[in-house]
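*Asks:* A structural model of the following input is requested.
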Amino acid sequence: MGCLRAAEPSIASSRPLRVAAASDLTFVMPELNRLFATVHPGQTAETILGASGTLVAQIRKGAPFDVFLSADRRYPEALVADGLAVSNSLTHYANGRVVLWTTRAGLDPREGLSILQDPVVRRLAIANPLHAPYGRAAREILGRADLWGSWSNRVVLGETVAQTAQWVELGTVDLGLVSRSWVTAPRAGQPGRWWEVPADLHDPLDQVAVVTRRGESHPGAELYRNLLRSQAAIGLLERFGFDVPRGGPKTTVPR
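*Replies:* Residues are numbered from 1 along each chain as shown. Next up, the predicted model:
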């Protein structure tokens, strides 16, 4: 394990910063990247989206990612433990929340999880618990509500929470356990109805950033990590459906 070297803000990189991001960040990443380029002229960032566990597997195989934004703190912590990420760059900057969502007429998820006992509900989509944190959370939710036994053979598994949400949006499934960031993102034409699952029904979905070993030499990696705890980024994250921890340091970026 090493310590992150301070990046020099005035140095622009000859290549874009490559940010691997959990798919619950789909809608906010373009805004964060624009903020990054505005605050740090000469720096640009590009996003690679995927399930957190899939992105970690790619990093382990040498994928050229500089910063990793995970929806589960265990993945970046494992990279640090294995010497594949920088120890003092771990940054908890937000928390995700799970919602039960439908676009089907006649279904109202505001009834809560009891709606899953209605025989009219035949298909429930969740992300794959093996590599998607929202899938793991969905599995915990169903288990703690004593519903996993009746649903374990009927759930439809998406590769990511984004794919799961797309199935709900298209009406391919009756309901889905997806990210709040998908249903509350400020975009046109958002359909359906949703209910926020109580946080005590699953382990926290800590959104944690880490700089990879490759990113340690990129002048923008530390700048991006710091940007996530700035007041401007916090405003974006909250607007796009994330909770932001109120403890710890925050930074102010120039306007």
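
*Asks:* avg pLDDT for stretch 126-138?
*Replies:* Averaged over stretch 126-138, pLDDT sits at 97.

*Asks:* so what's Asp82 up against?
*Replies:* Going by CB atoms under 8 Å, 6 or more residues apart in numbering, Asp82 touches Arg60. Yep, even glycine has a C-beta here, placed from its N, CA and C like the rest.

*Asks:* quick one: secondary structure of the residue located most distally from the centre of the chain?
*Replies:* What lies farthest from the middle of the chain is Pro119; by CA atoms, centre = their mean that is 31.9 Å. The three-state assignment at Pro119 reads coil, by DSSP: H, G, I helix; E, B strand; the rest coil.

*Asks:* who's in contact with Arg18?
*Replies:* Residues in contact with Arg18 (CB under 8 Å, 6+ apart) are 45-46, 48, 64-67, 215.

*Asks:* and Gln21, what helix or strand is that in?
*Replies:* Quick fix: residue 21 reads Ala, not Gln. According to DSSP states H and E, Ala21 maps onto strand 17-22.

*Asks:* Return the backbone torsion pair for the nearest residue to Ala127 once chain neighbours are set aside.
*Replies:* Computed as CB to CB, 6 or more residues apart in numbering, the closest residue to Ala127 that is not its neighbour in sequence is Gly135, at 3.4 Å. With angles defined as degrees, to the nearest 10, Gly135 sits at phi -70, psi -40.

*Asks:* what about Gly135, how many neighbours?
*Replies:* Gly135 is flanked by 25 other residues according to other CB atoms under 10 Å.

*Asks:* That one contacts Pro129, doesn't it?
*Replies:* Yes - contact status for Gly135 versus Pro129: in contact at 4.0 Å, counting by CB atoms under 8 Å.

*Asks:* was I right about Leu25 contacting Ser181?
*Replies:* Yes - judged on CB under 8 Å, Leu25 makes contact with Ser181 at a distance of 7.1 Å.

*Asks:* Does Gly215 touch Ala209 like I think?
*Replies:* No - assessed by CB under 8 Å, Gly215 is found out of contact with Ala209, at 10.4 Å.

*Asks:* what residues do these two have in common as contacts?
*Replies:* Common contact partners of Gly215 and Ala209 (CB under 8 Å, 6+ apart): Val67.

*Asks:* Gly143 is in what secondary structure piece?
*Replies:* Per DSSP H and E: Gly143 is located in helix 133-144.

*Asks:* List the contacts of that helix.
*Replies:* For helix 133-144, contacts defined as CB under 8 Å, 6+ apart pick out 22, 24, 51-53, 70-72, 96, 98, 113, 116, 126-129, 148, 151-152, 155, 157-158, 161, 164, 177-179, 197, 201-203, 205.

*Asks:* from these, which would you call buried?
*Replies:* Neighbour-count burial (16 or more other CB atoms under 10 Å) applied to the contacts of helix 133-144 gives 22, 24, 51-53, 70-72, 96, 98, 113, 116, 126-129, 151, 155, 158, 161, 164, 177-179, 197, 201-202, 205.

*Asks:* Kindly export the helix holding Gly143 (C-alpha atoms) in PDB.
*Replies:* The C-alpha trace of helix 133-144 is given here as PDB (Å, rounded to 0.1, in the frame of the first residue of the first chain):
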ATOM      1  CA  PRO A 133     -24.300  -4.000  -4.800                       C
ATOM      2  CA  TYR A 134     -28.000  -3.100  -5.500                       C
ATOM      3  CA  GLY A 135     -28.600  -6.800  -6.200                       C
ATOM      4  CA  ARG A 136     -27.000  -7.700  -2.900                       C
ATOM      5  CA  ALA A 137     -29.200  -5.100  -1.200                       C
ATOM      6  CA  ALA A 138     -32.300  -6.400  -3.000                       C
ATOM      7  CA  ARG A 139     -31.500  -9.900  -1.800                       C
ATOM      8  CA  GLU A 140     -31.100  -8.700   1.800                       C
ATOM      9  CA  ILE A 141     -34.400  -6.800   1.500                       C
ATOM     10  CA  LEU A 142     -36.300  -9.800   0.400                       C
ATOM     11  CA  GLY A 143     -34.700 -12.000   3.000                       C
ATOM     12  CA  ARG A 144     -35.300  -9.600   5.900                       C
END
